[in-house]
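K.L.:
this is a predicted model, with the sequence first.
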Amino acid sequence: MNTNNMLNPQLHLNPKLFDADVEQKPIRDGYGDGIVLAGDSDKNVVALCADLMESTRSEAFAKKFPERFFEIGVAEQNMATIAAGLGVSGKIPFIASYATFSPGRNYEQIRTTIAYNDSNVKIAGHHAGISVGPDGATHQATEDIAIMRVMPNMKVFVPCDSIEAKKATLAAAKIWGPVYLRFAREKSPVITTEATPFMPGKAQIFWQSKKPQVVIIACGVLVYNALLAARELEKEKIGTVVLNSPSIKPLDEKTILGLVSKYPAVVTVEEHQIHGGLGGAVAELLAKRHPVPMEFVGLKDTFGESGSPKELIEKYGMGVKDIKNAVIRTLKRTYEV
């Protein structure tokens with residue numbers, strides 16, 4: 001069985017996606033590429049960083065546009081407030097730090113000075129999720145989607161690879177108002193290509209079996225695990241749709257409802273707490289418009305710990321086998337009498 005036939009040909013995904021030597025790059029690299037391109041196309045784009053220039057991939061922008069780069073130091077609250085002023089003064093500021101610090105430490109400043117004023121600020125949260133690995137729970141942002149998603153005026157994008165991260169960064173520069181961009185640290189498979197479209201507010205069907213039974217909705221680095229799970233399930237004669245949902249807010253309600261009306265079982269997959277993130281957004285939509293059995297793959301009301309990224313993903317129930325088991329549980333609930 002050629003399972004590559006299940007990949008959506010219209011999206012021009014990586015043809016070597018399931019090869020052992022699939023290209024891997026850190027998702028955060030896309031931010032570095034994207035902000036430079038945004039700076040090339042608009043002189044009002046400026047960048048601020050909180051003493052993490054290399055880690056957040058802000059370095060390339062700082063070298064190319066030194067007059068438009070501001071090193072704030074270890075002062076994330078100050079960084080957000082300065083950016084808020086720039087954002088209502090005609091500039092397009094991007095602020096970058098680890099997600100545990102921004103939006104973690106500077107939540108109040110983001111809320112009051114950026115979101116409340118609808119300031120044109122883009123918040124880049126790096127090293128998100130437990131795949132940060134050895135840095136441990138203090139540096140593993142696993143609540144950030146939730147706290148940003150509920151904030152009025154805020155948009156939230158969680159790209160699945162470095163190419164989509166570049167496109168999301170470029171898109172954020174062209175959208176008026178606050179945007180939260182979430183980036184993982186470690187290398188991960190490159191799923192998309194330059195030809196794969198990206199549109200804010202849109203989800204994309206990456207994989208579709210001939211006879212789907214369950215819709216898997218995923219975001220970020222775990223989209224790849226969702227695809228691997230779908231491929232294994234196909235061999236076990238369980239059909240799925242894998243929907244990449246990089247736009248958490250606004251959510252692509254039309255696409256989700258269209259799929260769920262045909263295939264009434266859903267599994268959400270995210271490297272985040274199962275409460276308040278992608279799973280919460282989908283559950284809120286379906287509870288109101290089309291209730292169906294759901295399962296949630298993510299952190300289950302717990303902090304992480306130090307370890308290798310792969311070990312942590314497996315230990316905390318976000319591996320391929322965990323996604324497969326969630327699909328099977330959902331199917332049992334869907335068709336039980």
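P.N.:
Nice, I can see it. Residues are numbered from 1 along each chain as shown.

K.L.:
for residue 124, grab phi and psi.
P.N.:
Per-residue torsions, residue 124: phi -100, psi 110 (degrees, to the nearest 10).

K.L.:
surely it and residue 96 touch.
P.N.:
Yes - using Cβ atoms under 8 Å, residue 124 makes contact with residue 96 at a distance of 4.2 Å. C-beta here means a position set from N, CA and C on the backbone, and glycine is covered the same way.

K.L.:
give the residues shared as contacts by these two.
P.N.:
31, 56 (Cβ atoms under 8 Å, 6 or more residues apart in numbering).

K.L.:
okay, residue 334: pLDDT?
P.N.:
pLDDT, residue 334: 83.

K.L.:
what's the closest non-adjacent residue to it?
P.N.:
residue 265 (4.3 Å; Cβ to Cβ, 6 or more residues apart in numbering).

K.L.:
distance of that neighbour from residue 324?
P.N.:
In this view, residue 265 and residue 324 are 14 Å apart by Cβ to Cβ, to the nearest Å.

K.L.:
and what of residue 303?
P.N.:
25 Å.

K.L.:
same question for residue 36.
P.N.:
40 Å.

K.L.:
go through the chain and flag its longest helix.
P.N.:
helix 320-335 (DSSP state H).

K.L.:
of residue 303 and residue 324, who's got more company?
P.N.:
Shown here are residue 303 and residue 324; by other Cβ atoms under 10 Å, residue 324 has more neighbours (22 against 14).

K.L.:
residue 232 is in contact with that one, correct?
P.N.:
Yes - using Cβ under 8 Å, residue 324 is in contact with residue 232, at 6.2 Å.

K.L.:
mind listing the helices for the stretch 1-150 of the chain?
P.N.:
28-41, 59-64, 76-87, 107-109, 144-149 (DSSP state H, counting those that start in this stretch).

K.L.:
who wins for proximity to residue 299 among those helices?
P.N.:
helix 144-149 (11.1 Å; Cβ to Cβ).

K.L.:
ok, then the element right after that closest one?
P.N.:
Moving toward the C-terminus from helix 144-149, the next helix or strand (DSSP states H and E) is strand 155-157.

K.L.:
what does the helix or strand following that following strand contact?
P.N.:
Going down the chain from strand 155-157, the next helix or strand is helix 162-174, by DSSP H and E. With contact meaning Cβ under 8 Å, 6+ apart, helix 162-174 is reached by 25-31, 33-35, 37-38, 41-42, 45, 92, 94, 122, 124, 155, 157, 159, 179, 181, 183, 190-194, 196, 198-200, 246.

K.L.:
in helix 162-174, which residues are buried?
P.N.:
162-173 (16 or more other Cβ atoms under 10 Å).

K.L.:
tell me how far that helix is from the chain's mean position?
P.N.:
Relative to the centre of its chain, helix 162-174 is centred 12 Å away, using Cα atoms, centre = their mean, to the nearest Å.

K.L.:
strands paired with the next helix or strand after it, and their directions?
P.N.:
Remark: after helix 162-174, the chain's next helix or strand is strand 179-182, criterion DSSP H and E. Each strand that pairs with strand 179-182, with its direction, by DSSP bridges: strand 122-126 (parallel), strand 155-157 (parallel).

K.L.:
now the very next helix or strand once past strand 179-182: mean pLDDT?
P.N.:
Where DSSP H and E defines the elements, the next helix or strand beyond strand 179-182 is strand 187-189. What strand 187-189 shows for mean pLDDT is 97.

K.L.:
list the buried residues of strand 187-189.
P.N.:
188-189.

K.L.:
helices or strands up against it?
P.N.:
Counting contacts by 3 or more Cβ pairs under 8 Å, 6 or more residues apart in numbering; DSSP states H and E, strand 187-189 is packed against strand 24-26.

K.L.:
for the strand it packs on, which strands pair with it and how are they oriented?
P.N.:
Assessed with DSSP bridges, strand 24-26 is paired to strand 187-189 (antiparallel).

K.L.:
output the following helix or strand past the strand it pairs with as CSV, restricted to C-alpha atoms.
P.N.:
Under the assignment DSSP H and E, the closest C-terminal helix or strand after strand 187-189 is strand 204-208. C-alpha atoms of strand 204-208 as CSV (Å, rounded to 0.1, in the frame of the first residue of the first chain):
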residue,chain,number,x,y,z
GLN,A,204,-5.5,22.3,5.8
ILE,A,205,-6.2,18.6,5.2
PHE,A,206,-2.7,17.1,5.1
TRP,A,207,-3.9,13.5,5.0
GLN,A,208,-7.2,11.8,4.0
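
K.L.:
give me the contacts around strand 204-208.
P.N.:
Under Cβ under 8 Å, 6+ apart, the answer for strand 204-208 is 6-8, 11, 13, 191, 196-197, 223, 227, 230-231, 240-244, 255, 259.
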